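Trainee: Structure of the sequence below:
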Amino acid sequence: IGALRAGKHVLCEKPMTVRASDAQAILDAQQANPGMKLAMMLNQRANPLLQRIKGIIDSGELGPMRSSYYISNRWWRPDSYYASNPWRGTWSGEGGGILVNQACHPLDLWIWLCGMPEAVFARCREGAYRDITVENDVTVLARYPEGGQGVFIACSHDMLGTDRLEINFAKGKILLEENRKATVLRYAQPEGEFGKISDFRTFQGMLMASPDKFYQTEELTAQAAFCEDYVQMFQNFADYILHDAAPVVSAQAGLQQVQLANAIQLSGWTNQEVTLPGDYDHYNRLLAQKIHEETAQ
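Mentor: Here you go, the predicted structure:
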């Protein structure tokens, strides 16, 4: 905020803030200082494979999204990680756990590819298998405005880890693994049409015998050179300043990522579904309570 008020353009690292109310204050500061550029360094959006997937989704060729399932467990952290600095794994020093630190990128990609949920219900385990006070194991059920639903799972205690996103559509599905390999399945006709005309046993027999009559498979692989995504983000920010090019990741996207993280935490604390963008005051009060309880020990 100080930089924007001083007439400086800002490229903000992830997360934009811990509290969504603070992120909103940054966007308000940009609005109050016209001409100042503000963007986010959520660099995984520059991944060429993810950009191809995004283009397929946005084209509408697969129809409306029905469901998404994202397992993002590749954030293993040993005890020594949390012991390395006193702020790690604490409410007072970090403001949260995996949702604030490690899982910022997958939360952003989940929003980017699947859309912003309208509500979430979450279970957040705090100090699961580690001597910390913050959440390090979360399971989220999301509800989307168009009627679809999604599941997001993340933890930092799975030493082998999994990174897999499956998105189901009316006309196909996308399977994404470790942001390096994707499989796009395109149905010969919308799933609902198969549902009207086929007995399920007959259908499964035909599917096994002649799968190409029912769907086509496209395998996609693309991987940028080491740190090339950062190079692209910096170049894009320069073009944003000099030529008013659209930022790869807008400030609004940074706000949404924090809103979603806050809503998941708030749902875990209250054991209730939380409607996005969430109640900022309620979240801030409960976070302050967490910090007070932690520092009073």
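Trainee: could you say which helix or strand contains the spatially most distant residue from the centre of the chain?
Mentor: Going by C-alpha atoms, centre = their mean, the residue of the chain most distant from its centre is residue 202, 39.0 Å out. Element membership for residue 202 (DSSP states H and E) is helix 200-209.
Trainee: Buried residues, the next helix-or-strand element following that helix. List them.
Mentor: Downstream of helix 200-209, the first helix or strand assigned by DSSP H and E is strand 215-221. Buried residues in strand 215-221, counted by 16 or more other C-beta atoms under 10 Å: 215, 220. For every residue, glycine as well, the C-beta is placed using N, CA and C.
Trainee: which residues touch strand 215-221?
Mentor: Residues from elsewhere that reach strand 215-221 (C-beta atoms under 8 Å, 6 or more residues apart in numbering): 49, 52-53, 172, 180-188.
Trainee: one step back: hey, what's the angle from the helix holding residue 202 to strand 215-221? Just curious.
Mentor: 50 degrees (axes from the mean of the first three to the mean of the last three C-alpha atoms, to 10 degrees).
Trainee: now for helix 200-209, which elements pack on it?
Mentor: Applying 3 or more C-beta pairs under 8 Å, 6 or more residues apart in numbering; DSSP states H and E, we find helix 200-209 packed against no helix or strand.
Trainee: Give me the residues contacting it.
Mentor: With C-beta under 8 Å, 6+ apart as the test, helix 200-209 has contacts from 194, 198, 213, 214.
Trainee: so who does the residue nearest to the spatial centre of the chain touch?
Mentor: In the chain, the residue lying closest to the centroid (C-alpha atoms, centre = their mean) is residue 107, at 1.5 Å. Listed by C-beta under 8 Å, 6+ apart, the contact set of residue 107 reads 99, 152, 257, 260, 261.
Trainee: Just the ones of the residues you listed in helices?
Mentor: Using DSSP state H, the members of these that fall within helices are 257, 260, 261.
Trainee: Isn't the first one up against residue 14?
Mentor: Yep, that's residue 257 we're talking about. Yes: with contact defined as C-beta atoms under 8 Å, residue 257 reaches residue 14; the gap is 7.3 Å.
Trainee: neighbour-wise, which of those two wins?
Mentor: Taking neighbours as other C-beta atoms under 10 Å, residue 257 and residue 14 compare with residue 257 leading, 29 against 19.
Trainee: quick one on the thing from earlier: and the furthest pair within the contacts of residue 107?
Mentor: Greatest spatial distance among the contacts of residue 107 (C-beta to C-beta): 152 and 257, at 12.4 Å.
Trainee: how about the helices of the stretch 101-250 of the chain, start to end?
Mentor: Taking DSSP state H, counting those that start in this stretch, the helices of the stretch 101-250 of the chain run over residues 104-114, 191-197, 200-209, 228-243.
Trainee: Deepest-packed of these, please.
Mentor: Mean neighbour count (mean count of other C-beta atoms under 10 Å) peaks for helix 104-114 among the helices of the stretch 101-250 of the chain, with a mean of 22.
Trainee: and that one, how far from the chain's centre?
Mentor: Mean-position distance between helix 104-114 and its chain equals 2 Å (C-alpha atoms, centre = their mean, to the nearest Å).
Trainee: And residue 217, how close does it get to residue 209?
Mentor: Distance of residue 217 to residue 209, computed by C-beta to C-beta, to the nearest Å: 16 Å.
Trainee: wait, residue 148
Mentor: Note on residue 148: its distance to residue 209, by C-beta to C-beta, is 31 Å.
Trainee: One more: residue 24?
Mentor: Using C-beta to C-beta, residue 24 is found at 56 Å from residue 209.
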